[in-house]
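> structure of the sequence below:
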Amino acid sequence: MNDVANYPVTLALIVVNVIISLIAMNNQEVMSKTIMWPYGVKRHNQFYRFITSGFIHADYIHLFFNMFTLLFFGQVVEIYFSLYGLGGNIAYIVLYFLALIASDLPTYFKQKDNYNYHCLGASGAVSAIVFAAVVFDPWGSIYLYGAIKISALVYAVLYIVYCVTMSKKGGDNINHDAHLWGSLFGFGFTIALIAAMQPALFESILEQLKNPSLFGR
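Residues are numbered from 1 along each chain as shown. This next block holds a predicted model:
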């Protein structure tokens with residue numbers, strides 16, 4: 001793992017997520033005021049919920065897996081954004097917060113008249129960070145469940161298929177749409193950022209793509 005001084009924003013996001021999540025888990029009033037509630041957003045203009053809902057989690061397991069994933073991939077993206085001259089920490093923060101909003105927009109439009117629908121968690125933003133990392137190292141290794149080694153790009157494809165399938169299936173109370181749209185937003189944002197600021201990077205990315213490794217390097 002890189003020196004912690006190289007990814008202060010990632011660590012700060014994790015700390016804030018943990019603190020606010022623990023408060024909300026132990027205070028129902030805080031939970032109800034911060035959770036994503038499309039009906040309340042539409043009826044009462046509570047647009048802040050697009051952000052606050054991304055800093056609370058349902059339980060300790062939900063919180064742990066999101067923060068572990070953010071630590072693993074966030075440090076990579078934060079360092080790459082600075083190393084490659086892609087806006088550094090400012091661009092990284094913009095990616096994270098825009099992803100929180102973008103990942104919930106489809107759900108908002110779908111559920112805005114459903115009084116009983118609520119959702120929460122940083123999954124949309126975390127998914128965006130994961131897919132931003134994939135852009136820079138498509139054949140890097142990812143270990144599913146800590147044991148199954150596949151490449152980052154293969155993981156990205158499987159993840160999209162999983163999200164679309166589970167979203168259509170429904171019934172598990174997980175907002176798979178947020179995972180899906182967060183992933184696509186993170187990928188698109190990073191591609192657009194490279195095109196605008198460092199288009200020469202595409203040459204090295206394309207060179208990597210020419211040497212595929214399904215199981216990662």
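> for the closest residue to L100 other than its chain neighbours, which residues are in contact?
Take L100 and drop its neighbours on the chain: the residue closest to it by C-beta to C-beta, 6 or more residues apart in numbering is G54, 4.0 Å away. Where C-beta positions appear, they are placed from N, C-alpha and C, glycine not excepted. Shown in contact with G54 (C-beta atoms under 8 Å, 6 or more residues apart in numbering): L100, D104, L120, G121, A122, G124, A125.
> phi first, then psi, for G54.
phi -80, psi 0 (degrees, to the nearest 10).
> which of the contacts of G54 sit farthest apart?
Maximum pairwise distance in these, criterion C-beta to C-beta, is 12.3 Å, between L120 and A125.
> just the strands in the protein please.
Applying DSSP state E to the chain gives strands spanning 141-144, 148-151.
> now mean pLDDT too, for the ones you listed, in TSV please.
Converted to TSV, those look like this (pLDDT from 0 to 100):
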stretch	mean pLDDT
strand 141-144	79
strand 148-151	86
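> of all the ones you listed, which lies closest to I23?
Per C-beta to C-beta, nearest to I23 of those: strand 141-144, 32.1 Å.
> hmm, back to that, dump the strands of the chain to a markdown table, plus mean neighbour count and distance to F47.
Formatted as a markdown table, those follow (neighbours: other C-beta atoms under 10 Å; distance: least, C-beta to C-beta, whole Å):
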| stretch | mean neighbour count | distance to F47 |
| --- | --- | --- |
| strand 141-144 | 14 | 35 |
| strand 148-151 | 15 | 38 |
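> G186: which of those is closest?
strand 141-144 (15.1 Å).
> list the contacts for N6?
N6 touches Q75, E78, I79, counting by C-beta under 8 Å, 6+ apart.
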